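Participant: Just the structure for this:
(chains A and B)
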Amino acid sequence: MGRVRRLRARPLGRREALAGFLFVSPWLIALVVFHVYPIVAATYLSLSEYNVFNPPEFQGFDNYVKLWNDPTVWKAAGNSLFYALLSVPIGLAAALVLALLLNRPVRGIGIHRTLFYMPAVVPPVAGTIVFLLLLEPRAGPLNTAIETVGLDGPAWFQDPAFAKWGLIILSLWGVGAATLIFLAGLQEIPESLLEAASIDGAGAWRRFTSVTLPLLTPVILFNLVIGVIYSFQVFDAAMIVGGTSGVPGGSTLMYMVHIYRTAFGYFDMGYASAQAMVLFLVIVAVTGAIFGTTRRWVYEGV
Amino acid sequence: MRILRPGAFSQSERAAEAEPRQGFYAGRMGIFRQSAWHVILGGLSLVFALPLLWMLSSALKRNEEIFTIPVEWFPEDFLWRNFIDVLNYPGYPFFRFFANSMFYAGMVTIGTVLSCALVGYGFARLRFPGRGFLFSLTLATMMVPYIVTFIPTFLLFKNLGVLGTYIPLIAPAFFAEAFFIFMMRQFFRGLPKELDDAARVDGAGEFRIFWQIMLPLVKPALVVMAVFTFVWTWHDFFRPLIYLNDPDQFPLSLGLYAFRGRRLTEWHLMMAAATLMTAPLVILFAVAQKYFVRGMRMFGIKG
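Facilitator: Model (predicted):
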């Protein structure tokens, strides 16, 4: 057996290496064409003036200076930040509550899990248009429901002060995905710990704050980071509600929509690349900052 | 876009379709409390289901009927012909949009599954020089989001003269994608080494070993990959928006967006179109639910 191996070792190795390269060759092409080249090109473009019709012209940090002084960029960044700061924490809390409710030994509880997750498979375009109708100010189901308790519902997507809240409510409809991740985390918590706490006299709330919550912090971190990354890049819903001008009154002009408008409305590819680069760096910085705090609140290792 | 949940693989399979735990809580809830729990959760489930019910109900109404006060949840007559009307709407051929979406999502799914299985297998089970380096490069690309690369990628396809075709939307899928490469590599590494040794001694070529022996063993992973890719591509709005111009080529996402822009008072037809767009995914979800749950445990995604 040993001799056979040794005899075959060399030619097989070369053949195997060749086969290996052939197997990964599609990805090697993609790596160069769709990743390395675009990253280099995006960096260069962000330092250039490029309107698609004339060749790009290098101009140093002009785009970044322009961006810093551009009130529309700040307005869009403010909108995105408002959206992220509200939709992420509210979404995390809602997902956690739903997961806790689902984590019970109740027969047939899977049907609720299915219904909570369902909105996540609904196409964003369809879901957003449905919410335009649900939040219709006069006769939409939400406002008519609010009216039955004697209050006046806001005009939602027709009022600059409330349009972003409409988008936030829409985002909460999709918390089922985060809920399932929380649920998986809850199911990995060792039962022996809960039992031990129970024997020590800890009530349900104490078990939650002293056992469940600390052990769940890695999952909270995961959902938080993903939530931040997604919400900073919100595009589909904002574009469908407000178009490239952020109707009503620029209130739904999200940062990503502004990048889209700069690139494909004004064909200012250099400036759009600089905006994209800044968003990328902000996301890196924010997630980096979040990871920097983890030592203080994320529990590692049982 | 998708992000890896580190270390989730080991437990993922075990917890995949686990119904609620037994142990600690077992026997603590009587039938009464169980029912109470169903009532609470049922109320919440209804809140999550209401938008879809409203969509369907509005799709079957006359346009004016949608805006009656008080709200009518059931249509007076079920106007199924709204669906026929929207499928043949002049200037907005939703039948065509539907076919385009099928084509787009189908092709991207085929391309992604084939290429990621192939590349993942190469990284998992074949030794070649530079493999470790190339694989870490692969992981590194997951850190760079689409927002950085989409403009140069668009310009690249523009220079190739393929704007206004499906090539920029479909071709990249056939060249694999980092996250699913990683996922497939994990699965292929979990298979016993004796399998391919035996096949090799029998004189099978590397591709035959991959295709006939290994691929059937990772079928569940392939299904997870296919299901999620199909859903994401069906959802995709951004790429069609930047690459396509001709309404005859629009997928549903873009067709519905355009319809809402120009025919913004015809809510009943808009809801019929939204229902047509949503139904295939709901059906897919119902049929392949366990793969969705399994996938969700492996990576965090947002629809």
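
Participant: For the stretch 201-303 of chain B, which segments count as strands?
Facilitator: Remark: strands assigned in the stretch 201-303 of chain B by DSSP state E, counting those that start in this stretch are B:299-300.

Participant: Show me what from it comes close to chain A.
Facilitator: Applying CB under 8 Å from any CB of the partner chain, we find that the stretch 201-303 of chain B lies next to chain A at B:206-207, B:210, B:231, B:234-235, B:237-238, B:241-242, B:252-253, B:256-257, B:260-261, B:267, B:270-271, B:273-275, B:277-278, B:281-282, B:284-285, B:289, B:292-293, B:296-297, B:300-303. Just so you know, the C-beta spots here come from the backbone N, C-alpha and C atoms, and that holds for glycine as well.

Participant: Which of those are buried? Put it as a ChimeraX command.
Facilitator: Selection of buried members from these for ChimeraX, criterion 16 or more other CB atoms under 10 Å in any protein chain shown:
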select /B:206,210,231,234,235,237,238,241,242,252,253,256,257,260,267,270,271,273,274,275,277,278,281,284,285,289,292,293,296,297,300,301,302,303
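
Participant: Among the residues of the stretch 201-303 of chain B next to chain A, which are located in helices?
Facilitator: Cross-referencing those against helices under DSSP state H gives B:206-207, B:231, B:234-235, B:238, B:241-242, B:252-253, B:256-257, B:260-261, B:267, B:270-271, B:273-275, B:277-278, B:281-282, B:284-285, B:289, B:292-293, B:296-297.

Participant: centroid residue for the chain?
Facilitator: I'll assume chain A. For chain A, the residue nearest the mean C-alpha position is residue A:230 (1.7 Å; CA atoms, centre = their mean).

Participant: That was the other one, I meant chain B.
Facilitator: residue B:231 (2.1 Å).

Participant: Count residues in the vicinity of the residue of chain A found nearest chain B, would you?
Facilitator: Going by CB to the nearest CB, chain B is nearest to residue A:23 of chain A, at 2.9 Å. Using other CB atoms under 10 Å in any protein chain shown, the number of residues around residue A:23 comes to 23.

Participant: nearest residue to it other than its sequence neighbours?
Facilitator: In space, residue A:23 comes closest to residue B:122 once its chain neighbours are excluded; the distance is 2.9 Å by CB to CB, 6 or more residues apart in numbering or on different chains.

Participant: Secondary structure element holding the one you found?
Facilitator: Element membership of residue B:122 [criterion: DSSP states H and E] is helix B:94-125.

Participant: helix or strand right after that helix?
Facilitator: Next helix or strand after helix B:94-125 toward the C-terminus (DSSP H and E): helix B:131-141.

Participant: If you count contacts, what does that next one end up packed against?
Facilitator: Applying 3 or more CB pairs under 8 Å, 6 or more residues apart in numbering or on different chains; DSSP states H and E, one finds that helix B:131-141 contacts helix A:2-30, helix B:94-125, helix B:178-189.

Participant: So what does the nearest residue to residue B:103 once chain neighbours are set aside look like in phi/psi?
Facilitator: Take residue B:103 and drop its neighbours on the chain: the residue closest to it by CB to CB, 6+ apart is residue B:166, 7.4 Å away. Backbone geometry at residue B:166, expressed as degrees, to the nearest 10, gives phi -80, psi 0.

Participant: Then residue A:49?
Facilitator: Note on residue A:49: backbone dihedrals following degrees, to the nearest 10 are phi -100, psi 120.

Participant: can you tell if the longest helix along chain A touches chain B?
Facilitator: In chain A, with assignment by DSSP H, the single longest helix is helix A:71-102. Yes. Applying CB under 8 Å from any CB, one finds helix A:71-102 touching chain B at A:98, A:101-102.

Participant: Give me every residue in the stretch 151-300 of chain A lying close to chain B.
Facilitator: Counting by CB under 8 Å from any CB, the stretch 151-300 of chain A comes close to chain B at A:173-174, A:176-178, A:180-181, A:184, A:187-188, A:191, A:194-195, A:198, A:222-223, A:225-226, A:229-230, A:233, A:235-236, A:239-240, A:243, A:256, A:259-260, A:263-264, A:269, A:272-273, A:276-277, A:279-280, A:283.

Participant: Quick one: distance of the helix or strand residue B:32 falls within to the chain centre.
Facilitator: For residue B:32, the host element (DSSP H and E) is helix B:31-59. Taking CA atoms, centre = their mean, to the nearest Å, one finds the center of helix B:31-59 at 25 Å from the center of the full chain.

Participant: do stretch A:117-137 as well
Facilitator: The answer for stretch A:117-137 is 17 Å, by CA atoms, centre = their mean.

Participant: Turn the helices and strands packed on helix B:131-141 into JSON lines, including distance to residue A:205.
Facilitator: Below are those laid out as JSON lines (distance: least, CB to CB, whole Å):
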{"stretch": "helix A:2-30", "distance to residue A:205": "50"}
{"stretch": "helix B:94-125", "distance to residue A:205": "45"}
{"stretch": "helix B:178-189", "distance to residue A:205": "39"}
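
Participant: And those helices: which comes nearest residue B:143?
Facilitator: helix B:178-189 (9.4 Å; CB to CB).

Participant: Kindly export the closest one (C-alpha atoms) in CSV.
Facilitator: Only the C-alpha atoms of helix B:178-189 are listed here, as CSV (Å, rounded to 0.1, in the frame of the first residue of the first chain):
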residue,chain,number,x,y,z
ALA,B,178,-17.4,34.7,-1.8
PHE,B,179,-20.0,33.9,0.8
PHE,B,180,-21.3,30.8,-0.9
ILE,B,181,-17.8,29.6,-1.8
PHE,B,182,-17.1,29.7,1.9
MET,B,183,-20.3,27.9,2.7
MET,B,184,-19.7,25.2,0.1
ARG,B,185,-16.1,24.7,1.2
GLN,B,186,-17.3,24.0,4.7
PHE,B,187,-19.7,21.4,3.5
PHE,B,188,-17.2,19.7,1.2
ARG,B,189,-14.5,19.6,3.9
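
Participant: and it with chain A, contact?
Facilitator: Yes. Helix B:178-189 lies within reach of chain A by CB under 8 Å from any CB, at residue B:181.

Participant: what helices or strands is that helix leaning on?
Facilitator: In terms of contacts (3+ CB pairs under 8 Å, 6+ apart), helix B:178-189 is packed against strand B:3-4, helix B:94-125, helix B:131-141, helix B:219-235.

Participant: how about these, which one is nearest residue B:47?
Facilitator: helix B:219-235 (22.4 Å).

Participant: still on that earlier bit, what's the average pLDDT for the helix or strand harbouring the residue nearest to the centre of chain A?
Facilitator: Residue A:230 belongs to helix A:213-232 when assigned by DSSP H and E. For helix A:213-232, the mean per-residue pLDDT is 94.
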